[in-house]
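Student: sequence unknown, structure follows:
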């Protein structure tokens with residue numbers, strides 16, 4: 001399966017929530033997609049169906065492919081601690097997600113493109129791998145030649161949220177991944193326990 005590049009509103013409607021951020025189109029039609037729209041009767045999902053839907057929601061939210069998602073889960077399962085929490089922490093520690101959280105890009109999709117096009121540096125080294133796993137203390141910065149890019153300036157001009165596990169200087173355009181976030185600090189509406197139960201079968 002290739003990376004999803006279709007309409008984001010359709011996916012948000014599928015899950016019943018705006019998983020990619022505020023979406024005016026979703027607010028107008030916040031019911032499931034399909035020919036019959038909101039009038040269609042939908043059967044109650046099985047336990048497996050509920051777990052699968054939660055996994056798919058997490059995949060679309062962070063923009064991962066199935067193999068990437070599974071490999072990251074296996075890595076979380078190998079580590080000691082609560083697997084679901086570690087899994088979300090590893091998702092948050094991805095370079096593309098961190099660039100998005102710092103406000104350098106308006107979305108994870110845009111952040112992935114900035115990383116792929118060699119606009120981002122980690123610890124002084126040009127890094128073009130969106131899935132790069134950051135470690136506590138790693139420094140993330142925008143390359144000097146890229147600081148005047150419109151997409152970056154436009155994104156930084158908007159007042160975004162600040163996250164306690166990240167530091168970012170909007171003038172110098174460099175920040176630091178302080179530590180893995182506690183589960184309660186991660187704002188995504190994802191039930192990690194359902195994902196763990198799905199993969200544990």
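Tutor: Noted; the coordinates are in hand. This is a predicted model, so every value here is computed, not measured.
Student: only C-alpha atoms from now on, for both contacts and neighbour counts.
Tutor: Noted.
Student: give the rounded mean pLDDT of stretch 167-181.
Tutor: Average pLDDT, stretch 167-181: 96.
Student: show the end-to-end separation of it, please.
Tutor: 13 Å (C-alpha to C-alpha, to the nearest Å).
Student: chain center to that stretch: distance?
Tutor: 17 Å (C-alpha atoms, centre = their mean, to the nearest Å).
Student: can you tell me which residue sits nearest the middle of this protein?
Tutor: Closest to where the C-alpha atoms of the chain average out (C-alpha atoms, centre = their mean) is residue 62, at 2.9 Å.
Student: C-terminal to the helix or strand bottoming out on mean pLDDT in the chain, what's the next element?
Tutor: Least confident helix or strand, the chain: helix 24-28 with a mean of 53, by mean pLDDT, DSSP states H and E. Of the helices and strands lying after helix 24-28 in sequence (DSSP states H and E), the nearest is helix 47-62.
Student: let me see the domain layout of this protein.
Tutor: 8-81+190-199, 94-179 (automatic domain parsing).
Student: is the residue nearest to the centre of the chain in contact with residue 110, as I believe?
Tutor: No: using C-alpha atoms under 8 Å, residue 62 is not in contact with residue 110; the gap is 12.0 Å.
Student: which residues does the residue nearest to the centre of the chain contact?
Tutor: Contact analysis of residue 62 by C-alpha atoms under 8 Å, 6 or more residues apart in numbering lists 91, 97, 108.
Student: what about residue 49, how many neighbours?
Tutor: 12 (other C-alpha atoms under 10 Å).
Student: one more: residue 130?
Tutor: Around residue 130 there are 21 residues (other C-alpha under 10 Å).
Student: and for it, nearest residue in space, chain neighbours not counted?
Tutor: Nearest residue to residue 130 in three dimensions, chain neighbours excluded: residue 96, at 4.8 Å (C-alpha to C-alpha, 6 or more residues apart in numbering).
Student: show me where pLDDT drops low in the protein?
Tutor: The model of the chain has pLDDT under 70 over residues 1-43.
Student: and the strands in it, which stretches?
Tutor: All strands of the chain, identified by DSSP state E, fall at 120-122, 125-126, 139-142, 166-169, 174-177.
Student: what helices or strands is the second one leaning on?
Tutor: Right, strand 125-126. The criterion is 3 or more C-alpha pairs under 8 Å, 6 or more residues apart in numbering; DSSP states H and E, and there are no helices or strands that strand 125-126 contacts.
Student: residue 106 against residue 100, yeah?
Tutor: Yes: the pair residue 106 / residue 100 is scored as a contact, 6.5 Å apart, by C-alpha under 8 Å.
Student: against residue 144, how distant is the residue nearest to the centre of the chain?
Tutor: 27 Å.
Student: cool, and residue 165?
Tutor: In terms of C-alpha to C-alpha, residue 165 sits 24 Å off from residue 144.
Student: that's all I had, so thanks and see you.
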